[in-house]
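Peer 1: give me coordinates for this.
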Amino acid sequence: MTARRALALAVFALSLPVAAQAADKPANHDVSVLHCARLLDPAAGKMLGETSVVVADGRIRELHAGAVDLPSYREAAAKAGEAFRYVDLPDATCLPGLIDSHTHLTVQFSKSTYSDKFRLNPADYAIRSTVYAKRTLLAGFTTVRNLGDAHNESIALRNAVNAGIVPGPHIFSAGQFVGSTGGHADPTNGFRWDLQGDPGPKDGIIDSPADAWKAVRQHYKDGADLIKIMPSGGVLDESSSSENPQMTLAEIKAVVAAAHDYGFTVAAHAHGAEAIRRAVLGGVDSIEHGTFMDAEDMKLMKEHGTWYVPTIIAGQFVMEKAKEGWYPPQVAAKAEQVGPVIMATAGKAYRAGVKIAFGTDAGVYPHGENAREFAYMVQAGMPPMFVLQAATTHAAELLGKSDRFGEIAVGRGADVIAVPGNPLKDITVMQKVNFVMKDGVIYKEGGKPTLQ
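Peer 2: Modelled structure (predicted):
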């Protein structure tokens, strides 16, 4: 109850400055015309030329090749009593708002992370998450899947963003991780015996199919949007293996059956080949990381239509930081094992025809640097157009929201970003987002935040 009271206080604190919302949220001009030098159409796999995007009341009203007659739009807006704004984006490429399919907005790893869990309260993580959400949005990621937290802080964050209390991307939250006793999801790993307690389904820890059903139903009760399971070991927990299987096939099938009953998709953190095989056979919707995926796993994923979210940047980051002494010895050993493999696996999966969606494991590395993943994906052998589709149309399909996200199209919500130059010629420009619009509201223009 102490943790829940602390989280409630955090949510209450977030709700206090409602009167100041106008100062914290940029104005939503009733009509905006964006003039783009180029516009990416990921659904068609084409880069279009000069394009004008007309936005009204948070949605795409019109798309026009070339420039539009601005005086007529200004006049029409004035007659209708609408505000009007023109945004010129010369030599810029406009893209749909990006989707990161694997984030952790409530944490950010550092040298002190392993001691922080004994000092910080759920309220601390909830408040810090508002900063990380803003950084993510300003980096051009207007939608994220948040794949796990400790006390449902990301559900509170999602609600605060949706209410307009704090700025951030559209958030689809998995709430608490789901895994087995002593597994990657167990929050008491590394604790001495008298502090471990016995986490159960309410805490996301399961050891039977019956526990699985209870955990999923608890997530439904908590207001989660999807389920994240941990069928293999992980890198940053304090156990000894990153790849051993940690959930039975029966447990995974029970999670998936319960989740699909409630309309949830299931994302599976899995590094080891056996854990990946069980997860795919168990019916999960996506494999996250997939470091030691083998040819048989890839074949199964194609047969079952299972998505793959590589998170190459996370592997690269932990490998680098292990060499700098960030982690306990057993964690460093796992990081140095996983880091060199994950990029090669992503390239093999692409060549094998596995469905791939963009995701980064943000929080393992600093929030706001999500777009570095594009360059790593290209380095792994994926074409620039494919990696841009992975962060737009593919990720939207994985979310089950292809009708809402992933394209700049008439009638869609106005989530639009812009980068200087052409990302098909230089993918690193994705790290230089200079314009961000979400739901018709401009959060970044001319490379600078519009927030006060």
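
Peer 1: what about stretch 391-407, distance to the chain center?
Peer 2: Relative to its chain's centre, stretch 391-407 lies at 12 Å (CA atoms, centre = their mean, to the nearest Å).

Peer 1: and that stretch, C-alpha only, in PDB?
Peer 2: Provided in PDB are the C-alpha atoms of stretch 391-407 (Å, rounded to 0.1, in the frame of the first residue of the first chain):
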ATOM      1  CA  ALA A 391       9.000   3.300 -37.700                       C
ATOM      2  CA  THR A 392       5.800   4.300 -39.400                       C
ATOM      3  CA  THR A 393       3.600   1.800 -41.300                       C
ATOM      4  CA  HIS A 394       5.100  -1.400 -39.800                       C
ATOM      5  CA  ALA A 395       5.000  -0.100 -36.200                       C
ATOM      6  CA  ALA A 396       1.400   1.100 -36.700                       C
ATOM      7  CA  GLU A 397       0.500  -2.400 -38.000                       C
ATOM      8  CA  LEU A 398       2.100  -4.000 -34.900                       C
ATOM      9  CA  LEU A 399       0.100  -1.700 -32.700                       C
ATOM     10  CA  GLY A 400      -3.100  -2.600 -34.500                       C
ATOM     11  CA  LYS A 401      -3.500   1.100 -35.300                       C
ATOM     12  CA  SER A 402      -2.800   1.300 -39.100                       C
ATOM     13  CA  ASP A 403      -6.000   3.400 -39.500                       C
ATOM     14  CA  ARG A 404      -4.700   6.000 -37.000                       C
ATOM     15  CA  PHE A 405      -0.900   6.200 -37.200                       C
ATOM     16  CA  GLY A 406       2.000   5.700 -39.700                       C
ATOM     17  CA  GLU A 407       0.900   7.900 -42.600                       C
END
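
Peer 1: most distant residue from the middle of the protein?
Peer 2: For the chain, the largest distance from the centre (CA atoms, centre = their mean) belongs to K79, which lies 41.2 Å off.

Peer 1: got phi/psi on R351?
Peer 2: Here is the backbone geometry of R351 (degrees, to the nearest 10): phi -70, psi -30.

Peer 1: which residue, other than its chain neighbours, is closest to it?
Peer 2: Nearest-residue entry for R351: G381, 6.8 Å, with adjacent residues in sequence omitted and distances by CB to CB, 6 or more residues apart in numbering. Glycine gets a C-beta too; all of them are placed from N, C-alpha and C.

Peer 1: element containing that neighbour?
Peer 2: Here G381, judged by DSSP states H and E, is contained in no helix and no strand.

Peer 1: show me what contacts it?
Peer 2: G347, Y350, R351 (CB atoms under 8 Å, 6 or more residues apart in numbering).

Peer 1: what number of residues lie near the first one?
Peer 2: Using other CB atoms under 10 Å, G347 is surrounded by 16 other residues.

Peer 1: element containing it?
Peer 2: Using DSSP H and E, G347 sits within helix 329-352.

Peer 1: so, low pLDDT: which residues of the stretch 301-450 of the chain?
Peer 2: For the stretch 301-450 of the chain, no stretch is flagged by pLDDT under 70.

Peer 1: okay, helices next: where are they in it?
Peer 2: In the stretch 301-450 of the chain, the helices defined using DSSP state H, counting those that start in this stretch lie at 312-323, 329-352, 372-379, 384-389, 395-399.

Peer 1: can you list the domains in the protein?
Peer 2: 31-97+407-449, 98-399 (automatic domain parsing).

Peer 1: deepest of those domains, which one?
Peer 2: Ranked by mean neighbour count, those are led by domain 98-399 with a mean of 22 (mean count of other CB atoms under 10 Å).

Peer 1: next one: the closest residue to G440 other than its chain neighbours from R404, what distance?
Peer 2: In space, and not counting its chain neighbours, G440 is closest to G58: 3.5 Å by CB to CB, 6+ apart. As judged by CB to CB, to the nearest Å, G58 and R404 stand 12 Å apart.

Peer 1: ok, back up a step: quick one: contacts for the residue farthest from the centre of the chain?
Peer 2: Counting by CB under 8 Å, 6+ apart, K79 touches no other residue.

Peer 1: cool, and the one 10 residues further on?
Peer 2: Taking CB under 8 Å, 6+ apart as the criterion, L89 is in contact with L34, H35, C36, A37, A418, F435.

Peer 1: from these, which is closest to H367?
Peer 2: The nearest member of the contacts of L89 to H367, counting by CB to CB, is F435 at 19.6 Å.

Peer 1: hang on, that closest one packs against I417?
Peer 2: Yes: F435 is within contact range of I417, at 6.1 Å (criterion: CB atoms under 8 Å).

Peer 1: touching both of those two, which residues are there?
Peer 2: Here F435 and I417 share the contacting residues C94, scored by CB under 8 Å, 6+ apart.

Peer 1: one step back: between G58 and R404, what contacts are shared?
Peer 2: Common contacts of G58 and R404, defined by CB under 8 Å, 6+ apart, comprise G413.

Peer 1: how long is stretch 357-370 end to end?
Peer 2: End-to-end span of stretch 357-370 (CA to CA, to the nearest Å): 14 Å.

Peer 1: quick thing: my sequence starts at 858, can you match it?
Peer 2: That works, and once the first residue is 858, the last one we named lands at stretch 1214-1227.

Peer 1: if we can go back for a sec, distance of the residue nearest to G1297 from G1021?
Peer 2: Distance from G915 to G1021, by CB to CB: 12 Å.

Peer 1: so which of the helices of the stretch 1158-1307 of the chain is nearest A1114?
Peer 2: Using CB to CB, the nearest of the helices of the stretch 1158-1307 of the chain to A1114 is helix 1252-1256, at 20.0 Å.

Peer 1: same for the closest one, what does it pack against?
Peer 2: strand 955-960, strand 998-1003 (3 or more CB pairs under 8 Å, 6 or more residues apart in numbering; DSSP states H and E).

Peer 1: circling back: show me the one of the helices of the stretch 1158-1307 of the chain that comes nearest T963.
Peer 2: Comparing the helices of the stretch 1158-1307 of the chain under CB to CB, the one sitting nearest is helix 1169-1180, at 16.0 Å.

Peer 1: who touches that closest one?
Peer 2: With CB under 8 Å, 6+ apart, helix 1169-1180 has contacts from 1092-1093, 1146, 1148, 1184, 1188-1190, 1192-1193, 1195-1200, 1203, 1217-1218, 1221-1222, 1226-1227, 1229-1230, 1233-1234, 1237.
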